[in-house]
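**Q** Got a predicted structure here, sequence first:
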Amino acid sequence: MKELEDRIRAEGKALNEDVLRVDMFLNHQVDCRLMDRIGDEFARLFQEDGITRVVTIEASGIAPAAMTALKMNVPLVILKKSASVTLNSSVLQTEVYSFTKQNTYQLTLKGEYIRPGDRVLLIDDFLANGEAAFGASRLIEKAGATVAGIGAVICKAFQPGLEKLRNAGYKVEALAEITAMGEGFVRFAGEN
Ligand code: G4P
């Protein structure tokens, strides 16, 4: 998505070879008009996949996922990173390790919000090692539903998540695919 790549180039800050800061339009301050067009793009990419639910993981996935759900006219389900007492019974959980944050959390879903037979589109802001996407997929599949697609706003294709998810058979689309980065530069797929 050219608009997103231009925005990353203009405002994103690669802190080093691994971490890109985009908190000025995606992770902290959110450009809702850009999110609107991101929703259009995901809806177009997955329009043939019979999607019945969009699912994301709190927190930074919520803005792009909400726009996508709106455009596809389906409900949005937000997976929690800890079990709240208000969720009480009938929760499904799986442990996820974050390489970037070096912590482990219990990804949590109240069973009734994803039903057997649902075809789920999983949307997240970043795809890096794929741990969050694999964890979310485990929960969705535990609920008896199918992961019909995975959409990442930004994919760091030099980290293993994209290839691992595709090798596992998932349809994965990224709106900006970064093949290399370092202080002061970001390279996208298709560029030299
Ligand atoms: P993985 O799920 O693909 O394995 O990724 P990893 O554990 O490495 O990343 C976990 C968290 O770090 C995620 O946020 C993810 O969005 C974020 N992240 C990964 N790489 C980058 C990066 O280059 N830049 C930025 N800004 N974030 C990155 P999270 O823990 O879910 O946090 P949040 O959604 O509550 O913000």
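**A** Perfect, thanks for sending it. Because the structure is a prediction, the values reported are computed rather than measured.

**Q** mind checking the SS state of the residue nearest the centre of the chain?
**A** The centroid of the chain falls nearest to Asp124 when counting by CA atoms, centre = their mean (1.4 Å). Three-state call for Asp124 (DSSP: H, G, I helix; E, B strand; the rest coil): strand.

**Q** State the distance from it to the ligand.
**A** Counting by CB to the nearest ligand atom, to the nearest Å, the separation of Asp124 from the ligand is 7 Å. C-betas here are computed from N, CA, C, even on glycine.

**Q** For that residue, give me its contacts.
**A** Thr56, Ile57, Ser60, Gly61, Ala65, Ala132, Ala133, Ala136, Ile150, Gly151, Ala152, Val153 (CB atoms under 8 Å, 6 or more residues apart in numbering).

**Q** Out of those residues, the closest to Ile78 would be?
**A** Thr56 (5.8 Å; CB to CB).

**Q** tell me which element the residue nearest to the closest one when sequence neighbours are not counted is part of?
**A** In space, Thr56 comes closest to Ala65 once its chain neighbours are excluded; the distance is 3.5 Å by CB to CB, 6 or more residues apart in numbering. Element membership for Ala65, per DSSP states H and E: helix 62-72.

**Q** and this structure, which of its residues are near the ligand?
**A** 19-22, 27, 57, 59-61, 98-101, 125-132, 161 (CB under 6 Å from any ligand atom).

**Q** before we move on, what SS does Glu141 have?
**A** helix.

**Q** right, and it touches Val147 too?
**A** Yes: assessed by CB atoms under 8 Å, Glu141 is found in contact with Val147 at 6.8 Å.

**Q** quick one, which of those two is more surrounded?
**A** Per other CB atoms under 10 Å, whichever of Glu141 and Val147 has more neighbours is Val147, with 24 against 15.

**Q** Who are the contact partners of the more buried one?
**A** Counting by CB under 8 Å, 6+ apart, Val147 has contacts Val120, Leu122, Ser137, Ile140, Glu141, Tyr170.

**Q** Within the helices and strands, which one has Glu3?
**A** Going by DSSP H and E, Glu3 is part of helix 2-11.

**Q** Which elements pack onto that helix?
**A** Here helix 2-11 touches helix 32-45, strand 146-156, strand 172-182, strand 185-188, going by 3 or more CB pairs under 8 Å, 6 or more residues apart in numbering; DSSP states H and E.

**Q** Note down every partner strand of whichever helix or strand comes after the longest one and its orientation.
**A** Same thing as helix 32-45. For helix 32-45, the following helix or strand on the C-terminal side (DSSP H and E) is strand 53-57. The strands that strand 53-57 pairs with in its sheet are strand 76-79 (parallel), strand 119-127 (parallel) (by DSSP bridges).
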